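S.K.: Next one to model:
(one chain, ligands or ions: 3)
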Amino acid sequence: MKGVLLVNLGSPKSTDPKDVKKYLDQFLMDERVIDVPWLLRAFIVKGIVLNTRPKKSAEAYQRIWWEEGSPLIVLSERLQKKIDSFTSVPIALSMRYGEPSIKSGLQELVDKGVDEVLLLPLYPQFAMATTETILVLAEQLQQEFFPQIKFTTMPPFYNHPDYINVLSRSIGEKLENLDYEHLLFSYHGVPERHIKKSDITNSHCKIDGSCCQTPSPAHQFCYRHQCLETTRLVAKTLQLKEGTYSTSFQSRLGFDPWLKPYTDRTIEKFGLNGMKKMAIVSPAFVSDCLETLDELGNEGREIFEEVGGEEFTVIPCLNDREDWVKTLSRWIDEWAKQPETANA
Ligand SMILES: C=CC1=C(C)c2cc3[nH]c(cc4nc(cc5[nH]c(cc1n2)c(C)c5CCC(=O)O)C(CCC(=O)O)=C4C)c(C)c3C=C
Ligand SMILES: [Fe+2]
Ligand SMILES: [Fe+2]
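M.R.: Ligands and ions are numbered 1, 2, ... in the order given. Got it, this is the predicted structure:
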């Protein structure tokens, strides 16, 4: 029998700094997130980051936490429940870090008689730190605990016409009655090194002005290309005028170069240049989370207002909006109708 595992990033169990520390430890010790040799990673994470960041991050989580729990988890659960009501395929929800784990999600499906699983990472664009780490862990778990399971993986949907239509509609609805000067597409950043590591041609990705616009097999795994494509396709769908929108990358950590331009500096530059009204959307996430609610909704707004900006509109993620639920349900049903596949 076929079943689906939706996988999102995960959040700490609570806003207690101890739980935040445990979550950050699991997250940042992942070799696909901080991709340096284990000893150096342990020194950076356990010796430096975990001594300072949990308190600050816990305060940020406190600002956005809901009565039911972490927004990212609550919104992912709502999405799962709604998809469940549209399709007869069993659907489980897991988080890559924290709970519910990928192991428990697979067990839930196996207990229902599932032996063919569609892994559906809830990330539109491929990244080593998101999609790849989910697939690697799922395969490890399969080998160790679930040898009877066959996996199929949903490819990144950054340019899928259904996704682009839903995303464009969600943005269009917000912009319709909004007086704004610029729409910023702000994607979660990654270190530039990650882009080069994922380049299957070993030579294409220069992270310059043009590599992501030059066709290449590297783009199957190029996070930067995929983000720029999402922006381009939405702008085309909404007929946004050149110069009224742009792309930036948020949430950098550490001192290595990350994808540029950086969102915080871009917002600041806009305000310093006299912009008064801007809107921002974050299509690397399908569920609102710390990075949209606090980093954009609080910190981003503060930066803009400090340099003279007046209106800062954060467009929500797709969350559990009906057209998104129906799109995912349709993708799932289409996959479920296909004949059984070999182990992917
Ligand atoms: C080296 C560090 C990080 C990389 C690389 C990275 C990539 C990456 N992350 C997301 C999605 C999310 N990240 C979130 C939080 C978050 N991310 C990092 C670090 C890296 N992310 C940290 C340390 C944190 C924790 C918060 C903090 O302390 O500031 C979240 C929010 C989680 C939540 O609970 O709401 C999401 C979602 C993507 C898509 C990505 C690469 C493309
Ligand atoms: Fe992150
Ligand atoms: Fe590229």
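S.K.: Tell me if I'm right that Ala92 and Leu6 touch.
M.R.: Yes - taking Cβ atoms under 8 Å as the definition, Ala92 is a contact partner of Leu6 at 7.3 Å. Every residue, glycine included, has its C-beta placed from N, CA and C.
S.K.: so what sits against both of those two?
M.R.: Any residue near both Ala92 and Leu6 by Cβ atoms under 8 Å, 6 or more residues apart in numbering counts here, and that gives Gln80.
S.K.: what does this protein have sitting close to ligand 1?
M.R.: The chain comes close to ligand 1 at residues 9, 11, 24, 33-34, 53, 57, 70, 72, 123, 127, 129-130, 188, 190, 223, 251, 253, 284-285, 289-291, as judged by Cβ under 6 Å from any ligand atom.
S.K.: from those, which ones fall inside strands?
M.R.: Members of those lying in strands (criterion: DSSP state E): His188.
S.K.: I'd like to know which of the residues of the chain next to ligand 1 are buried.
M.R.: With burial judged by 16 or more other Cβ atoms under 10 Å, the buried subset of these is 9, 11, 24, 33-34, 53, 57, 70, 72, 123, 127, 129-130, 188, 190, 223, 251, 284-285, 289-291.
S.K.: Can you name the next helix or strand after the helix or strand Leu135 falls within?
M.R.: Secondary structure assignment for Leu135, by DSSP states H and E: helix 133-145. Next helix or strand after helix 133-145 toward the C-terminus (DSSP H and E): strand 150-153.
S.K.: Centre of the chain to that following strand, how far?
M.R.: Its chain's C-alpha centre lies 21 Å from the corresponding centre of strand 150-153 when counted by Cα atoms, centre = their mean, to the nearest Å.
S.K.: Likewise for stretch 329-337?
M.R.: The answer for stretch 329-337 is 22 Å, by Cα atoms, centre = their mean.
S.K.: buried residues in that stretch?
M.R.: Here stretch 329-337 shows Ser329, Trp331, Ile332, Trp335, Ala336 as buried, counting by 16+ other Cβ under 10 Å.
S.K.: List the buried residues in the stretch of helix or strand Leu39 belongs to.
M.R.: Element membership for Leu39, per DSSP H and E: helix 38-42. By 16+ other Cβ under 10 Å, the buried positions in helix 38-42 come out as Arg41.
S.K.: heads up, I number from 77, so please use that
M.R.: Done: numbering now begins at 77, and the last item shifts to helix 114-118.
S.K.: What strands flank the helix or strand Ala168 falls within, and is each parallel or antiparallel?
M.R.: According to DSSP H and E, Ala168 maps onto strand 167-171. Strand 167-171 has the following sheet partners, assigned by DSSP bridges: strand 78-84 (parallel).
S.K.: avg pLDDT for the strand it pairs with?
M.R.: Per-residue pLDDT over strand 78-84 has a mean of 98.
S.K.: what angle sits between that strand and helix 209-221?
M.R.: Put simply, strand 78-84 runs at 130 degrees to helix 209-221, going by axes from the mean of the first three to the mean of the last three Cα atoms, to 10 degrees.
S.K.: ok, which stretches of the stretch 277-420 of the chain are helices?
M.R.: 299-314, 339-348, 366, 377-382, 398-413 (DSSP state H, counting those that start in this stretch).
S.K.: if I pick Ala136, what's in contact with it?
M.R.: Contact analysis of Ala136 by Cβ under 8 Å, 6+ apart lists Leu366, Asp370, Glu371.
S.K.: Thank you kindly, that will do.
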